[in-house]
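> here is a sequence with its predicted model. Questions after.
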Amino acid sequence: MSPYLITGLAAALLGIAIGAGGTHALDSNHYGAQLATERAAHAADIAKVNAEAAQQLADALSKQQAAEGRVATIEQQFNTEVANHAKDNLAYQSQLASGAERLRVRVTSCVPSTAGSQGTAAAGSADGGATYADLDPTVATGVVQVAADDQREIDKLKALQAYVAALQQQGFIAAPAAQ
């Protein structure tokens, strides 16, 4: 074999080796670049998901704070109304007990409390108008107390309805389906 042939074959083999190595290096760079691109896209996707989750959390916290504020307002209104009604009720009961106020009721007939004071029952006034009687202060105070108890329950119901409406407006409770 000729030395030129051996040198040529050696050069050819060296060229093939260099070319293969270069191709491998280029392929590695290409795959590395593709991998880096995919990693960047994945990181962007994760950042987007995190941003959306953070926004949803902020929205939920904002809704919760708005609902808490509305509920606090309802509670304050309820407590104020209950206190005002209790104060008015006590004042009126005190006036009834002292005789400063009277509770009058319409009656269809009236029988005297003692047999000797009047012999007949009044069926109405002479002009056909209504007849009224004053309740005993103790009875009147009891009637007013019953009305006050009823008002307290009405206040509770109104506060509960306002509370539920506030939670429905904020989306914490579903509104009832229309029937």
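Structure's in. What do you need?

> show me the strands in the chain, by range?
Taking DSSP state E as the test, the strands found in the chain are 104-107, 131-134.

> of all these, which lies closest to residue 162?
Taking Cβ to Cβ, strand 104-107 is the member of the strands of the chain nearest to residue 162, at 34.1 Å. The C-beta positions use only the backbone N, C-alpha and C, and glycine is treated the same way.

> give me the mean pLDDT for that closest one.
Mean per-residue pLDDT for strand 104-107: 86.

> so which residues make contact with it?
For strand 104-107, contacts defined as Cβ atoms under 8 Å, 6 or more residues apart in numbering pick out 130-135.

> go on, stretch 150-162?
With Cβ under 8 Å, 6+ apart as the test, stretch 150-162 has contacts from 74-75, 77-78, 81-82, 85-86, 89.

> next up, the contacts around the closest residue to residue 89 other than its chain neighbours.
Nearest non-adjacent residue to residue 89, counting by Cβ to Cβ, 6 or more residues apart in numbering: residue 148, 4.1 Å away. The neighbourhood of residue 148, defined by Cβ under 8 Å, 6+ apart, consists of 85-86, 89.

> show the buried residues in the residues you listed.
When the contacts of residue 148 are checked for burial by 16 or more other Cβ atoms under 10 Å, the buried set is 85, 89.

> all helices of the chain, in order?
If DSSP state H is used as the criterion, the helices of the chain fall at 3-98, 137-169.

> adding distance to residue 104 and mean pLDDT, write the ones you listed out as JSON lines.
JSON lines is the format used below for the helices of the chain (distance: least, Cβ to Cβ, whole Å; pLDDT from 0 to 100):
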{"stretch": "helix 3-98", "distance to residue 104": "11", "mean pLDDT": "84"}
{"stretch": "helix 137-169", "distance to residue 104": "9", "mean pLDDT": "89"}
